[in-house]
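A.B. asks: quick one: sequence plus predicted model below, questions after.
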Amino acid sequence: MMTVTAESRKKSKIMGVINVTPDSFSDGGKYSSLEHALAKLQNLIDDGADIIDIGAESSRPGASPISEDEEWQRLLPLLQEIKAQFPSLRTPLSLDTYKPGIMRKALAYDISYINNIFGLCDSATLKTLATHSNIHYIAMHLHGKPENMQEAPMLGSLTARALDDFAVKTTEALEKAGFTSHRIYLDPGIGFGKTDSANLIALDWSLAQAKNHQLMLGISRKGFLSRIYDPALSPPDRDSISKALETSFILNRVSIIRTHEVKTLKTVLQLLNGECEYA
């Protein structure tokens, strides 16, 4: 019989989320003020987040893009305060942005992950990022753009092949830019321009491919969960369903799980690793 050890579970990391936007789908702009965002950061640290993802532009279905200046104005005060108030922060920070200018500016603020919903950016920026050995790159598969991605979403029958092609081409481009394999993560983009059938096939693809790629999965509070299970559920009410699916990601050793509610999932990891006294 195979013995499950702590070592076999180290691959899964939990990414907490701070949305400094006035129009986030998951929390309705709850953390758009600097004070609330910093309090959320401390809460995520206390709850055991392994990575903290900061985003300043909503990517919910129908969201309109904002300018680079506006995005940076939302981000800069928080990044400055984190640097000032948490000078010895041990939890790696991730930046959720697709704009090359924001990526470059953020290099001065101890960012460890770039999380790009559009997958790749220009090759010059990728090469610049790759020269910083502490930077990991998360490339997401997106069908369309946030403002129109649900007008003609990807069909389930096309999803597996599209994700196979995405994985090959994205990995090749990042390696060509100078990223080593351990710094490359792929996100199938659950809920981003896909039908509900396509979302489920993307999940199936991810669980099968977790042994071949470093994957990040984010299904937390996504709208398709309500459409499948209960249309009356608000985003926070979807946490229980999210946790059930996220636990399956841990069991399949998905590298990073991006979630809005960290504490419960951390307990699952601790139980699997034998780190809880009641385990």
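C.D. replies: Received, thanks.
A.B. asks: which of the residues in the longest helix along the chain are buried?
C.D. replies: For the chain, the longest helix by residue count, based on DSSP state H, is helix 156-177. Residues 156, 159-160, 162-163, 166-167, 170-171, 173-174, 177 are the ones in helix 156-177 that count as buried (16 or more other Cβ atoms under 10 Å). (C-beta placed from N, C-alpha, C; glycine too.)
A.B. asks: can you name every helix or strand that it contacts?
C.D. replies: If you count contacts as 3 or more Cβ pairs under 8 Å, 6 or more residues apart in numbering; DSSP states H and E, helix 156-177 packs onto helix 123-130, strand 136-140, strand 184-187, helix 196-209.
A.B. asks: deepest-packed of these, please.
C.D. replies: Of the helices and strands packed on helix 156-177, the one with the most neighbours on average (mean count of other Cβ atoms under 10 Å) is strand 136-140, at a mean of 25.
A.B. asks: what lies in contact with that one?
C.D. replies: 94, 112-120, 126, 129-130, 170, 174, 179, 183-189, 192, 216, 256 (Cβ atoms under 8 Å, 6 or more residues apart in numbering).
A.B. asks: flag the shaky bits of this protein, pLDDT-wise.
C.D. replies: 1-10, 23-32, 276-279 (pLDDT under 70).
A.B. asks: ranges for the strands of it?
C.D. replies: In the chain, the strands defined using DSSP state E lie at 13-19, 51-55, 93-96, 111-116, 136-140, 184-187, 216-217, 256-258.
A.B. asks: okay, those, which one's buried deepest?
C.D. replies: strand 216-217 (a mean of 27).
A.B. asks: next one: that strand to chain centre, how far?
C.D. replies: Here the centre of strand 216-217 is set off from its chain's centre by 6 Å, with Cα atoms, centre = their mean, to the nearest Å.
A.B. asks: same question for stretch 150-161.
C.D. replies: Distance of stretch 150-161 from its chain centroid, counting by Cα atoms, centre = their mean, is 21 Å.
A.B. asks: kindly export it (C-alpha atoms) in PDB.
C.D. replies: In PDB, the C-alpha atoms belonging to stretch 150-161 read as follows (Å, rounded to 0.1, in the frame of the first residue of the first chain):
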ATOM      1  CA  GLN A 150     -19.400  35.200 -22.800                       C
ATOM      2  CA  GLU A 151     -21.000  36.400 -26.100                       C
ATOM      3  CA  ALA A 152     -19.600  33.500 -28.000                       C
ATOM      4  CA  PRO A 153     -18.000  31.200 -25.400                       C
ATOM      5  CA  MET A 154     -15.900  28.200 -26.300                       C
ATOM      6  CA  LEU A 155     -17.800  25.000 -26.800                       C
ATOM      7  CA  GLY A 156     -17.000  21.900 -24.800                       C
ATOM      8  CA  SER A 157     -16.000  19.900 -27.900                       C
ATOM      9  CA  LEU A 158     -13.200  22.300 -28.600                       C
ATOM     10  CA  THR A 159     -11.800  22.700 -25.200                       C
ATOM     11  CA  ALA A 160      -9.400  19.800 -24.700                       C
ATOM     12  CA  ARG A 161      -7.600  20.400 -28.000                       C
END
